[in-house]
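Student: Just a sequence and a predicted model for now, questions to come.
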Amino acid sequence: MIDWNKIEQKWRAKWEQSKEFETEPNQREKKFITVAYPYPNSPQHIGHGRTYTLADVHARFLRMRGYNTLFPMGFHYTGTPILGMAKRVQEGDKELIENFEKLYHVPRDTIKEFVEPVKIADYFHEEIKLGMIEMGYSIDWRREFTTIDPVYKKFIEWQFRKLKGLNLVVQGSHPVGWCPKDQNPVSQHDTLGDVEPDFTEYILIKFHYDGMIVPTATLRPETIFGVTNLWINPTVKYKKIKVDDETWIVSPECARKLEFLDKEISPLGEVNGSELVGKSVSVLDKSVPVFPASFVKSDNGTGVVMSVPAHAPFDYQALEDIKKEKCPVQEIARNIKPISIIKTEGFGEIPAKEAVDRLKIQDQNDPRLEEATKDVYAKEFYGGKLRENTGEFAGLKVSEAKDSIKEWLHKEKKSDILLELNNGPVRCRCGAECVVKILNDQWFLNYSDKTWKEKANKCFEEMSILPNEIRTEFNYVVGWLRERACARQHGLGTTLPWDKDWIVESLSDSVIYMAYYILAKYVNSNELFAESLSDEFFDHVFFGSGDSAKISSNCKIPEDLLKKICTDFAYFYPVDARHSGRDLVPNHLTFFVLNHVALFPHENWPRQIVVNGSVLMDGKKMSKSMGNIIPLRQAIKQYGADPIRLAIIISAELLQDADFNLDSVNTIKNKLENIYDECARYRPAKISSQESEDRWILSRLQHLIGQTTAALEKMRLREALHHILFTFESDLQWYLKRAEAKQRNDVSAILHHILTLRVAMLCPFAPHIAEEMWERLGNQGHVSGSAWPESVSQEDTKSVQVEELLRSVLEDVKNILKVTKITPKKIVLYTADRWKVNAYQKIARDVIVGQTNIGAIIKDLIANKETENVKKDPDFVKKTINAVLAEPVEMRRIRAENEPINEIQVIKSELSALIRKEFGVELEAFEESDPAKYDPKNKAKMARPFKPALLIE
Ligand SMILES: [Zn+2]
């Protein structure tokens, strides 16, 4: 049994002592690996471990490949969640305090201090850091910082003054997700379940009724020309409100939404939906009736719906229903005819009717109305044209008319705007339900800016994105991004340099901090101080502008120190890889690119983004409420860091969700323990013998190195780990079987060599146990600091063919014995004649280029003297084509392109020992046309290349 924790402590101490991961500029090429820093409001659990583990494997791999690799870490204190937690502690929130105590095991006295937000952050910062150290992350801790450090604040002030100078921070009125309780904009980090509030702009069409306005919300303003009536819910108590200088009738929910949309709102009274039924409202000089409908929801839009039965299946069906029903408005309804306003190829006069009839929909409760609606909308939007009855818009395509009609309605004061959450209800971390608010005179990052978007797209285009399939998501995000509020009124962080009432929010002060890692080292060594730093310092370090002597004296920094900082930055920048979870694609990762392209010259734009999926626990999402959160440090104590690292990695490729479970941790543990035991068995020595199986296993080892390296380069870590731990195992078993059959006692050196390289490749994944194995194998130094195995030689195609032949013959014999259940007294093999070998190679070459037509192949073979014998045995060709097709592509190539092996010789010299060992009998072998052969059953003529004929007696 391995004492994992003991081994881990031993090697962590050694790494620290040898400063293994402290990175300084040198002659070698650098790699700068970063990962989204943690927000310290709780300890890390297994789920958090994934992104950091992947980044660490990446950093360790690159380091072993010879790159001078920097992997730093910081802590993100900015934002409101910690503030909210401190407030809840002040209020004595039982649930939260219980979580701290029972789930996170925070000491009681410490919890008392949590009334101060910074104390919470500091506590979990330390907790997370210890977890990272215990996981064995190869971090250069000299560069650690928090986002409320004074120098960091100076850095963020510089960033914002720069952005403002570029006109990319603007003041204006824009909609944002908003918490009415905290009076603060909200984004993903501020909401329960981490949802980014996502909203849509609806057009409100103003219908007039008795001196008041009854607005309806729509995404299709063109349908105003086809309106026949309104729908209202008779059971809803509507609000009568003053909106600026008009009186509106809307649902209570809508009245609340409007409060946040930059309007003067005051309540005037209430009106029952039922009171409006049967009344007339007017729009565009025409008058339409108001009908009752149960499908109208008061929390959707204004709670009143415009009915366009010719083009909206719901409206059409509801109108049909009302015509059949005995009710006060039945008579008026019967006189209503749908008004067609859009002509679309494939549809007649009334598209909604056709869609409803086609699906045989019976009433307005039929769920297939959704399908009908989507169908009609899509076809009309892309293929429809407005008819003559749409005035000046007649003839326009629907997709083009939409915006002009919207503008016209606005100009004519016939419309307004309603912003509504698409993914509501969204709850703030404080518990309040979020709304959409138009913020006036707020500071926004102008992510709508076209030139900015173009630059970002160029950067994405040039960079590597792993896995590449997520690339389009980034383009999509850049496309829809618009102005984004970049400051808050509360929270920890940096105040806006020109407006001290505002604090830069957490997704805006965390986008270029990778550059700050260069400075952080000098802050931590007490060489850089906030007081003396000015913008010219940052300009000088990051852009090389200004005169170093002058800046040195202005900023009170020794000139050689300033030069050193500049050299460091020039050396380490740009970021070579940015790791993050998939949930940060639509915000952080995209902002990271946007801010880099805005501030830094092209050569310092980021080079790569690596995105990973999340972690499930036994197939379920991890959450406090599910009770399936395992704090990382607790798991390390229980199972060891390396087994956890491997269990996280081996369960999924990058973008998939990883399913963590304890079974796989135990499987991994056993596997690692087996390898560890083996390491004690072999000693380093010079490899002297070069038997066929030796050449073969060394060739397989080269193959393993090649495959593993290629997988790691694409961050296909699961695949790489499988190669190292499992795939190679069957090759090794075969090799041992061969060596044992020959009773060899000189394979220790080869096995030591193989283990050494396997352990080296295991090191990025399981660094602690790999060090222990390395030491056990008697190797020098740390495996972390050793070179990644290089795939140096070509594949040994001869030994590959030999071993494959032996393996398949042995398999054939076994299968026959299994089926016939005889105990063999004698085994005889017959190898194919030379002409068959020639024919085999020709056929294999044909198959490789896609030629499998048997007639054509036979014709070719007969035409050639060397293979003309096929005319006597056409069945041979058919069988050979099938045999070649059954081989892996790689094997086809090897057999087609290389000198054929001498099968009779291989069988006589290499197979006998195996047969003797496995079956306890002697082997005889003959060539097919050997006149002296023993062939009582006339089997020899069945022989094919790589498939000797077989006689068992
Ligand atoms: Zn809130």
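Tutor: Received it, and whenever you're ready, just let me know what you need. Numbers count the residues shown, from 1 in each chain.
Student: what's the least confident helix or strand in the protein, going by average pLDDT?
Tutor: Ranking every helix and strand in the chain by mean pLDDT, DSSP states H and E puts strand 620-621 at the bottom, with a mean of 82.
Student: can you give me the offset of that one from its chain's centre?
Tutor: Mean-position distance between strand 620-621 and its chain equals 17 Å (CA atoms, centre = their mean, to the nearest Å).
Student: contacting residues around His768?
Tutor: 4, 7-8, 11-12, 136, 640-642 (CB atoms under 8 Å, 6 or more residues apart in numbering). Quick note: C-beta positions are derived from backbone N, CA and C, even for glycine.
Student: go with 7 Å
Tutor: For His768, the contact set (CB atoms under 7 Å, 6 or more residues apart in numbering) comprises 7-8, 11, 136, 641-642.
Student: will you turn the residues you listed into CSV that also has distance to Lys323 and neighbour count?
Tutor: Formatted as CSV, the contacts of His768 follow (distance: CB to CB, whole Å; neighbours: other CB atoms under 10 Å):
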residue, distance to Lys323, neighbour count
Ile7, 81, 20
Glu8, 77, 23
Trp11, 81, 22
Gly136, 74, 25
Ala641, 72, 29
Asp642, 73, 26
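Student: ok, back up a step: show me what counts as buried in the very next helix or strand once past the least confident helix or strand of the chain.
Tutor: Sequence order places helix 632-639 as the next helix or strand after strand 620-621, per DSSP states H and E. Residues of helix 632-639 classed as buried: 632-636, 639 (neighbour count, 16 or more other CB atoms under 10 Å).
Student: quick one: the helix or strand just after helix 632-639 to chain centroid distance?
Tutor: Next helix or strand after helix 632-639 toward the C-terminus (DSSP H and E): helix 641-650. The chain centre lies 18 Å from the centre of helix 641-650; the measure is CA atoms, centre = their mean.
Student: Stretch 921-933 now?
Tutor: Counting by CA atoms, centre = their mean, stretch 921-933 is centred 60 Å from the centre of its parent chain.
Student: In the stretch 401-550 of the chain, where is pLDDT below threshold?
Tutor: Across the stretch 401-550 of the chain, nothing is flagged by pLDDT under 70.
Student: What segments of it are strands?
Tutor: Along the stretch 401-550 of the chain, counting by DSSP state E, counting those that start in this stretch, strands occupy 415-421, 435-445, 464-466, 484-485, 487-488, 495-496, 499-504.
Student: returning to that earlier point: keep only the contacts of His768 that also lie close to the ion.
Tutor: Applying CB under 5 Å from the ion to the contacts of His768, one finds that nothing falls near the ion.
Student: that older thread, note down every partner strand of the least confident helix or strand of the chain and its orientation.
Tutor: Strands that pair with strand 620-621, judged by DSSP bridges, come out as strand 615-617 (antiparallel).
Student: any idea of the mean pLDDT in the partner strand?
Tutor: Mean pLDDT, strand 615-617: 85.
Student: neighbouring contacts of that strand?
Tutor: Outside strand 615-617, the residues that touch it by CB under 7 Å, 6+ apart are 46-47, 50, 622, 628, 648, 657-660.
Student: at 6 Å instead, please
Tutor: Residues from elsewhere that reach strand 615-617, judged by CB atoms under 6 Å, 6 or more residues apart in numbering: 47, 50, 628, 657-660.
Student: With stretch 874-886 instead?
Tutor: The contact list for stretch 874-886 (CB under 6 Å, 6+ apart) reads 840, 843-844, 847, 854, 858, 870, 892.
Student: 10 Å instead, please
Tutor: Residues outside stretch 874-886 that contact it (CB atoms under 10 Å, 6 or more residues apart in numbering) are 832, 835-836, 839-848, 851-855, 857-858, 861-862, 867, 869-871, 873, 891-892, 895-896, 941-947.
Student: Do I have it right that Leu445 meets Cys486?
Tutor: Yes - counting by CB atoms under 10 Å, Leu445 touches Cys486, with 4.6 Å between them.
Student: Please name the residues that touch Ser280.
Tutor: Contact analysis of Ser280 by CB under 10 Å, 6+ apart lists 207-210, 229-230, 286-290, 332.
Student: swap that for Met132, sorry
Tutor: The neighbours of Met132, taking CB under 10 Å, 6+ apart as the test, are 38, 44, 48-49, 52-53, 56, 73, 139, 141, 632-633.
Student: Tell me the spacing between it and His768.
Tutor: Counting by CB to CB, to the nearest Å, the gap from Met132 to His768 is 14 Å.
Student: Count the neighbours of Gly346 for me.
Tutor: Neighbour count of Gly346, defined by other CB atoms under 10 Å: 8.
Student: Now it: phi and psi?
Tutor: Here the main-chain torsion angles of Gly346 (degrees, to the nearest 10) amount to phi 90, psi -10.
Student: Give me the nearest residue to it, chain neighbours excluded.
Tutor: Of all residues not flanking Gly346 in the chain, Lys379 sits nearest, at 6.7 Å (CB to CB, 6 or more residues apart in numbering).
Student: Return the residues of this structure in contact with the ion.
Tutor: Applying CB under 5 Å from the ion, we find that the chain lies next to the ion at 179, 181-182, 428, 430, 432.
Student: top of these by neighbour count?
Tutor: Neighbour-wise, the residues of the chain next to the ion (other CB under 10 Å) top out at Cys179, 25 neighbours.
Student: can you pull up the bridge partners for it?
Tutor: Beta bridges link Cys179 to Asn184, judged by DSSP bridges.
Student: picking that back up, so which residues make contact with the least confident helix or strand of the chain?
Tutor: 47, 193, 614-615, 626, 628, 657, 659.
Student: before we move on, back to that, so which of the contacts of Ser280 sit within helices?
Tutor: The helices, defined by DSSP state H, take in Ile332 from those.
Student: Can you turn the buried part of the contacts of Ser280 into a ChimeraX selection?
Tutor: This is how ChimeraX selects the buried members of the contacts of Ser280, with burial counted by 16+ other CB under 10 Å:
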select :207,209,229,230,288,289,290
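Student: JSON lines please, covering the contacts of Ser280 and showing distance to Glu392 and pLDDT.
Tutor: Shown next, in JSON lines, are the contacts of Ser280 (distance: CB to CB, whole Å; pLDDT from 0 to 100):
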{"residue": "Phe207", "distance to Glu392": "21", "pLDDT": "96"}
{"residue": "His208", "distance to Glu392": "22", "pLDDT": "95"}
{"residue": "Tyr209", "distance to Glu392": "27", "pLDDT": "95"}
{"residue": "Asp210", "distance to Glu392": "30", "pLDDT": "93"}
{"residue": "Asn229", "distance to Glu392": "25", "pLDDT": "95"}
{"residue": "Leu230", "distance to Glu392": "25", "pLDDT": "96"}
{"residue": "Lys286", "distance to Glu392": "17", "pLDDT": "89"}
{"residue": "Ser287", "distance to Glu392": "22", "pLDDT": "94"}
{"residue": "Val288", "distance to Glu392": "21", "pLDDT": "95"}
{"residue": "Pro289", "distance to Glu392": "27", "pLDDT": "95"}
{"residue": "Val290", "distance to Glu392": "28", "pLDDT": "96"}
{"residue": "Ile332", "distance to Glu392": "31", "pLDDT": "90"}
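Student: so Met64 sits right up against Pro789, yeah?
Tutor: Yes - here Met64 reaches Pro789: they are 8.8 Å apart, a contact under CB under 10 Å.
Student: Return every residue with contacts to both of these two.
Tutor: Any residue near both Met64 and Pro789 by CB under 10 Å, 6+ apart counts here, and that gives 760-761.
Student: on that earlier part again, need the contact list for the residue nearest to Gly346.
Tutor: Counting by CB under 10 Å, 6+ apart, Lys379 touches 342, 344-347, 351, 355, 398.
Student: Ok, Ser294 next?
Tutor: 231, 233-235, 318, 321, 364-365.
Student: tell me the secondary structure for it?
Tutor: Following DSSP: H, G, I helix; E, B strand; the rest coil, Ser294 is assigned to coil.
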